[in-house]
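Chemist: Have a look; sequence and predicted model below, questions after that.
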Amino acid sequence: MPVSLVILAAGQGTRMNSERPKVLHHIAAAPMLHHAMQAGQALSPDRVVVVAGHGAEAVRKAALAFDDTCEVVVQAEQLGTGHAVAQAAPLLAGAAGDTVVLYGDTPFIRAETLEAMLLARARHAVVVLGFEARDPGRYGRLIAEGDALHRIVEYKDATDEERAITLCNSGVICADSATLFDLVAALGNDNAAGEYYLTDIVELARARSLSAGVVTCPEAETMGINTRAQLAEAEAAFQSRARAEALENGVTLTAPETVFFALDTHIGRDAIIGANVVFGPGVTIESEAEILAFCHLTGCHVSRGASVGPFARLRPGAELAEDVHVGNFVEIKNAILDEGVKVGHLTYLGDADVGEFTNIGAGTVTCNYDGVNKHRTRIGKRAFIGSDTMLVAPVSVGDGAMTGSGSVITQDVPGDAVALGRAKQVNKPGLAPKLFDMYKEIKAKRQKGA
Ligand code: UD1
Ligand code: CA
């Protein structure tokens, strides 16, 4: 059965105290909207509609960056969750199958939970995701009997008796698309907030002799983010889950609590991750690669058997083939390092291609930027770049070539050649003691004068 998703993301998030729309605040190096969209991906939806409002253009961009087939509708005025869902009606009212409504600020709903909701649709026309709240606060309360749902009452409209209920509304709702948009079109706004409450569709459904049901999940999944403190809690919750998953998947984490993952970090089995490693977005680490302590990696690919760090930084476009070694205080950006390349120490490789088994000496720098444009450095196979070589791009070094330590390489080096681009050395026999005496005299004079 086809499934459509509607993701509500129009709210401002006043309590974040921010210029940025709430759903664009980051958890695990990704906008929380991406987390919600990823949760929904578990249902392989045919259509994904994001309802944007505050910061609509930025939200649209972020939504399309995650899924370029999603559709974005703008809710110009935030008149409530029911009104927000209604914005998707022109796109989805005629769609076959079910529509699932998710919130952009509730990022952690698990695939199993959404699947359970779809299964529960066999028994109920409308299925709502509920949870037992430790502190029910201002959540909407579910008036239910077993898995039959009678009504949802918003905190603002609830009696004391209803407020004592701890079964709360997560906001996630699922129904046949045609039914959902029919019900949403019939909503009124006669309530304490003067808003069109999506939650009222439960009573509307029952008035039409359609049954409503509740599926529950652990509270951790329904965690909504309204404040910076909750954002920090969500980050911590994500990280502890990601660490547990990595361990479960056969990754060694020497000090799990010090490793930080991004939403899309992929790490293969038997990889080893040392202490204090931070993954930004877009990182893939293959099996049996090792990332030593204190590395920062973003947008890069580390192949099987490669080792990185300690204290290395891999930036976007860093591609490390099998058995590459990148050592301490090395930065790699937009560079392809073929099999077996060694870059041991204190080096910057940016916009570069390095052929297999080439050795890059300590202190090598690709001078890739002329202040206006970036240029590429090409180094062949089995070359040897002497320590402290400056490679002034665009420039190339051929297969099997060498550069002398301290060289400034401004011209292409042919294969098998040795390039020396440094001042010639001159030795002055016996001069050193005389120089020392001269310096001592200068020092003595200065001290007398002082
Ligand atoms: C809503 C539910 C409440 C539930 C709680 C769970 C309603 C009426 N209430 O309350 O039962 O316990 O979520 O977190 O549905 N949004 C829009 N457009 C709008 C209004 C909201 O896109 O006009 C989006 C928000 O950006 C947010 C989500 O809908 O992502 C929820 O809105 P919010 O105002 O936070 O609802 P709550 O009052 O928390
Ligand atoms: Ca909320």
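Modeler: It's in. Numbering: from 1, shown residues only. Ligands and ions are numbered 1, 2, ... in the order given.

Chemist: what's around residue 316, how many residues?
Modeler: Number of residues near residue 316 (other Cβ atoms under 10 Å) recorded here: 14. (Glycine included, C-beta is placed from N, CA and C.)

Chemist: Wait, it touches residue 299, no?
Modeler: Yes. Contact criterion Cβ atoms under 8 Å: residue 316 and residue 299 qualify, at 3.1 Å.

Chemist: list the residues that contact both of those two?
Modeler: Common contact partners of residue 316 and residue 299 (Cβ atoms under 8 Å, 6 or more residues apart in numbering): residue 282.

Chemist: Spell out which residues of the stretch 201-350 of the chain are next to ligand 1.
Modeler: Residues of the stretch 201-350 of the chain lying near ligand 1 by Cβ under 6 Å from any ligand atom: residue 224.

Chemist: in the stretch 201-350 of the chain, which spans are strands?
Modeler: Taking DSSP state E, counting those that start in this stretch, the strands of the stretch 201-350 of the chain run over residues 212-216, 252-253, 266-267, 272-273, 278-279, 284-285, 290-291, 296-297, 300-302, 307-308, 313-314, 318-320, 325-337, 342-354.

Chemist: which other helices and strands contact the fourth one?
Modeler: To tie it back to what came earlier, the one meant is strand 272-273. When contacts are defined as 3 or more Cβ pairs under 8 Å, 6 or more residues apart in numbering; DSSP states H and E, strand 272-273 sits against strand 252-253, strand 290-291.

Chemist: can we see that at 7 Å?
Modeler: Here strand 272-273 touches strand 252-253, going by 3 or more Cβ pairs under 7 Å, 6 or more residues apart in numbering; DSSP states H and E.

Chemist: Now do the buried residues in the helix of greatest length in the chain.
Modeler: Ranked by number of residues, the top helix in the chain under DSSP state H is helix 228-248. Residues 230, 231, 234, 235, 237, 238, 239, 242, 243, 246 are the ones in helix 228-248 that count as buried (16 or more other Cβ atoms under 10 Å).

Chemist: What lies in contact with that helix?
Modeler: 16, 25, 27-28, 107, 220, 223, 225, 253, 256, 259-261, 267 (Cβ atoms under 7 Å, 6 or more residues apart in numbering).

Chemist: Looks to me like residue 174 is in a helix.
Modeler: No. Counting by DSSP: H, G, I helix; E, B strand; the rest coil, residue 174 is not part of a helix but strand.

Chemist: Buried residues, stretch 17-31. List them.
Modeler: Going by 16+ other Cβ under 10 Å, stretch 17-31 has these buried residues: 21, 22, 23, 24, 25, 26, 27, 28, 29, 30, 31.

Chemist: Surely residue 111 is in contact with residue 41?
Modeler: No. Contact criterion Cβ atoms under 7 Å: residue 111 and residue 41 do not qualify, at 8.5 Å.

Chemist: just the buried members of the contacts of helix 228-248?
Modeler: Here, 16+ other Cβ under 10 Å leaves 16, 25, 27-28, 107, 223, 225, 253, 256, 259-261, 267 buried among the contacts of helix 228-248.

Chemist: what's the lowest-pLDDT member of those?
Modeler: Lowest in pLDDT among those is residue 223, which has 91.

Chemist: Tell me how many other residues surround the closest residue to ligand 1 within the stretch 201-350 of the chain.
Modeler: Here the stretch 201-350 of the chain gets closest to ligand 1 at one residue, residue 224, 4.2 Å apart by Cβ to the nearest ligand atom. Residue 224 sits with 15 neighbouring residues when counted by other Cβ under 10 Å.

Chemist: out of the buried residues of stretch 17-31, who's nearest residue 213?
Modeler: Taking Cβ to Cβ as the measure, residue 213 sits nearest to residue 23 out of the buried residues of stretch 17-31, at 28.2 Å.

Chemist: and the closest one, backbone torsions?
Modeler: phi -70, psi -10 (degrees, to the nearest 10).

Chemist: wait, what's in contact with it?
Modeler: Contacts of residue 23 (Cβ under 7 Å, 6+ apart): 9, 31, 32, 33, 59, 104, 105.
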